[in-house]
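Asker: my questions are about this predicted structure, shown below with the sequence.
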Amino acid sequence: MRALLGMFGLSGEMAFQDAATLSGGEKTKLALAMLVTGRHNLLLLDEPTNNLDPPSRLAVGAALRSWKGAMVFVSHDTEFVGELSPDKVLMMPDGTVDYWSDDLLDLVALA
């Protein structure tokens, strides 16, 4: 469990802190770590990197990338989206589904 918390940037004494004393970003990291360790087969994430510093965003992306289940996420964070390298994309507002291409990262930045 400590290794998993460390992957999400919650290392050292922070792993023993009461959740109520964590900052907003730290609570987000804890919630994501709890989701990843659960027996879930689908994650629905809406802007999961909000309130996270740049190193934490990359760490969360790397941890989620190794997760075996399906994931639907909304994000305007190009580094996070690039780290996850999704299979498909749902283009809004048209509702068109297409295969992911890194060329779409320009659209992520515009949103």
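Answerer: Yep, that arrived. Quantities reported herein were computed from a predicted structural model and do not represent experimental measurements.

Asker: how far off centre is stretch 101-111?
Answerer: Stretch 101-111 has its C-alpha centroid displaced from the chain centroid by 17 Å (CA atoms, centre = their mean, to the nearest Å).

Asker: quick one: contacts of that stretch?
Answerer: Ser75, His76, Asp77, Thr78, Val81, Gly82, Val89 (CB atoms under 8 Å, 6 or more residues apart in numbering). For every residue, glycine as well, the C-beta is placed using N, CA and C.

Asker: which strands or helices does the helix or strand hosting Ala62 pack on?
Answerer: Element membership for Ala62 (DSSP states H and E) is helix 54-65. Helix 54-65 makes packing contacts with helix 2-7, helix 24-37, helix 78-84 when contacts are defined by 3 or more CB pairs under 8 Å, 6 or more residues apart in numbering; DSSP states H and E.

Asker: in the shortest one, what's buried?
Answerer: Under the neighbour-count criterion of 16 or more other CB atoms under 10 Å, helix 2-7 has Leu5, Gly6, Met7 buried.

Asker: turn those into TSV, including distance to Gly24 and pLDDT.
Answerer: What follows is these, written out as TSV (distance: CB to CB, whole Å; pLDDT from 0 to 100):
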residue	distance to Gly24	pLDDT
Leu5	17	85
Gly6	20	83
Met7	19	80
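
Asker: switch the residues you listed over to a markdown table; also include distance to Tyr99.
Answerer: As requested, the buried residues of helix 2-7 are exported to a markdown table (distance: CB to CB, whole Å):
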| residue | distance to Tyr99 |
| --- | --- |
| Leu5 | 34 |
| Gly6 | 34 |
| Met7 | 29 |
